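> I'd like to go over a predicted model; first the sequence, then the structure.
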Amino acid sequence: MSNAANIHYLPVREDWLARRTEEPLEPGLPIVDPHHHLWDRPDWRYLLPDLLADTNQGHSIVGTVFVQCRAMHRATGPEAMKPVGETEFVNGVAAMSASGGYGPTRVCEGIVGHVDLTIGAAAREVLEAHIRAGGGRFRGIRHITAWDPDPVIMNPAYTPPRDILFRDEFRAGFAQLAPLGLSFDAWLYHPQIPDLTALARAFPETNIVLDHVGGPLGIRGYAGQRDEVFRGWRAAMAELATCPNVCVKLGGLGMRING
């Protein structure tokens, strides 16, 4: 990966992880892991055996939810349909798990894929293709909208415009979710939380899941500004919390961008 990409991801160090082992606090508590990825990239592989190695450590992980990560997109066909390949891949992994041959955890029992919502109402056709490919497991999409004026903070794989959540074409695509019973995972940075609040209020029938606790930034221009960042993040989160169609996933605070 490039240096620009590396600012977002820390390499896994098994030797460091092995230095400490913690016993599960409540080993009998049923848990659904609501956010994980699977991928096979050069020097970076995380597939079913790797996931099972993590889930089989004493907790009662009864099921998991896969969230889009640009894995196994189709190599050919219309550009808008290429992300359906990810759902096809993940549903295959889910079928393997459902056989019972890999333990009791129902891996990828829920699938969150990707659709480019900026294609407007045409997003419905892609959503329906995901539903067909998902074998009853497809639950919604994530369209990453994380933006910052500092290009180093930006993930080079995603280059959304600053105002994407307000654009007509994006909202026309977003409007296709609720009629199909699908949710929207939001991944953005903390200065954008008010944009998500406006979107949630404009579409009160659409269930929205805020990923990574709203993406508080702590590097580059935000370094050394923890108190100021926290005040802004807290105020924005309090306002977002007035939207009954929004919930928050706790996690994703181990990235370099958090400082």
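Thanks, I have the structure now. Residues are numbered from 1 along each chain as shown.
> from memory residue 240 sits against residue 246, does it?
Yes. Assessed by CB atoms under 8 Å, residue 240 is found in contact with residue 246 at 5.9 Å. C-beta: built from backbone N, CA, C; applies to glycine.
> Report the set of residues contacting both of the two.
196, 200, 210 (CB atoms under 8 Å, 6 or more residues apart in numbering).
> ok, residue 88 - contacts?
72, 133.
> Would you mind giving the shared contacts of residue 240 and residue 246 as a markdown table with secondary structure added?
Shown next, in a markdown table, are the shared contacts of residue 240 and residue 246 (DSSP: H, G, I helix; E, B strand; the rest coil):
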| residue | secondary structure |
| --- | --- |
| 196 | helix |
| 200 | helix |
| 210 | strand |
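> For residue 196, which non-adjacent residue is closest in space?
Leaving aside its chain neighbours, residue 196 sits nearest to residue 186 (5.4 Å; criterion: CB to CB, 6 or more residues apart in numbering).
> Can you give me the neighbour number for the one you found?
Residues near residue 186, counting by other CB atoms under 10 Å, number 28.
> roughly how far apart are it and residue 246?
8 Å (CB to CB, to the nearest Å).
> Endpoints of stretch 113-129, how far apart?
End-to-end distance of stretch 113-129 (CA to CA, to the nearest Å): 11 Å.
> May I see the buried residues of that stretch?
113-120, 122-124, 126-127, 129 (16 or more other CB atoms under 10 Å).
> quick one: contacts of that stretch?
68, 70, 80-81, 83-84, 86-87, 90, 130, 134, 138, 140-143, 164, 167-170, 172-177, 180, 182.
> pLDDT weak spots in this protein?
Across the chain, the ranges flagged by pLDDT under 70 are 1-8.
> Strands of this structure, start to end?
30-36, 39-41, 44-46, 60-67, 106-113, 138-142, 183-186, 208-210, 246-248 (DSSP state E).
> Distance across stretch 249-259, terminal residue to terminal residue?
Stretch 249-259 has its terminal residues 19 Å apart, counting by CA to CA.
> Could you give me the buried positions within that stretch?
Residues 249, 255, 257, 258 are the ones in stretch 249-259 that count as buried (16+ other CB under 10 Å).
> middle-most residue in the chain, spatially?
Nearest residue to the geometric centre of the chain (CA atoms, centre = their mean): residue 67, 4.8 Å.
> Give me the distance between residue 251 and residue 245.
20 Å.
> on that earlier part again, can you tell me which of the contacts of stretch 113-129 are buried?
The buried subset of these (16+ other CB under 10 Å) comprises 68, 80-81, 83-84, 86-87, 90, 130, 134, 138, 140-143, 164, 167, 169-170, 172-177, 182.
> is it true that residue 239 touches residue 196?
No. Between residue 239 and residue 196 there is no contact under CB under 8 Å: 10.0 Å.
> contacting residues for the residue nearest to the centre of the chain?
Applying CB under 8 Å, 6+ apart, we find residue 67 in contact with 35, 36, 37, 112, 142, 185, 211.
> neighbour count winner among residue 239 and residue 196?
Per other CB under 10 Å, whichever of residue 239 and residue 196 has more neighbours is residue 196, with 22 against 13.
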